[in-house]
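Peer 1: sequence first, then the predicted structure, then my questions.
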Amino acid sequence: MTPVLPFFVYGTLRPGEPNHDRYLRGRIHTEEPGRLTGALLYDGPGYPYAVDAPAGVVHGELVTALPHAYAQLLTELDRLEEYGAGDPNSLYDRVKREVERADGGTVRAWVYVAAPRVAARLRAGGTLIPGGDWHTQSPRSPR
């Protein structure tokens with residue numbers, strides 16, 4: 001059974017970005033700043049990828065879904081992120097990670113990180129996003 005966890009979003013699902021209203025409006029209970037350590041952020045074609053890296057940090061938001069909206073939201077986010085459990089063609093993997101809240105506490109959350117084949121390609125020649133915050137970069141086109 002899939003645990004009910006908040007989501008850590010760091011790209012097009014953040015407030016002010018194109019997919020925030022499309023997927024999250026009316027479905028979230030809380031939203032707060034968060035920080036994921038142990039990952040670097042790479043630029044993608046209109047959206048970023050978090051890639052596991054010991055010394056990295058990614059800035060984003062912790063989003064807690066309304067209970068009645070959770071199952072459908074999880075399904076839709078998996079589709080958006082092109083994630084399929086065990087699918088070698090997935091762009092992202094959905095993983096459980098500890099995310100730091102603004103108050104210094106931590107919470108376990110779902111994070112979509114680059115799938116292994118995508119992560120290898122990015123490590124070999126991708127463009128790092130300085131400071132790990134895609135939101136502060138210039139506007140990009142939605143996927």
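Peer 2: The structure has been received and is ready for your questions. Numbers count the residues shown, from 1 in each chain.
Peer 1: any idea what R97 is bridged to?
Peer 2: A109 (DSSP bridges).
Peer 1: in this structure it contacts V107, no?
Peer 2: No: counting by C-beta atoms under 8 Å, R97 stays clear of V107, with 9.8 Å between them. In this view, the C-beta of every residue, glycine as well, is placed from N, C-alpha and C.
Peer 1: so these two - more neighbours on which side?
Peer 2: Legend: neighbour count by other C-beta atoms under 10 Å for R97 and V107, higher for R97 (20 against 16).
Peer 1: for this structure, name the helix or strand with the lowest mean pLDDT.
Peer 2: helix 18-19 (a mean of 93; mean pLDDT, DSSP states H and E).
Peer 1: mind listing what's buried along the helix or strand that that helix is followed by?
Peer 2: Counting by DSSP states H and E, the element after helix 18-19 in chain order, helix or strand, is strand 28-43. By neighbour count on 16 or more other C-beta atoms under 10 Å, the buried set for strand 28-43 is 28, 31, 34-37, 39-43.
Peer 1: save those as CSV, and put in distance to G125 too.
Peer 2: As requested, the buried residues of strand 28-43 are exported to CSV (distance: C-beta to C-beta, whole Å):
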residue, distance to G125
I28, 36
E31, 34
G34, 29
R35, 26
L36, 23
T37, 24
A39, 18
L40, 14
L41, 15
Y42, 10
D43, 12
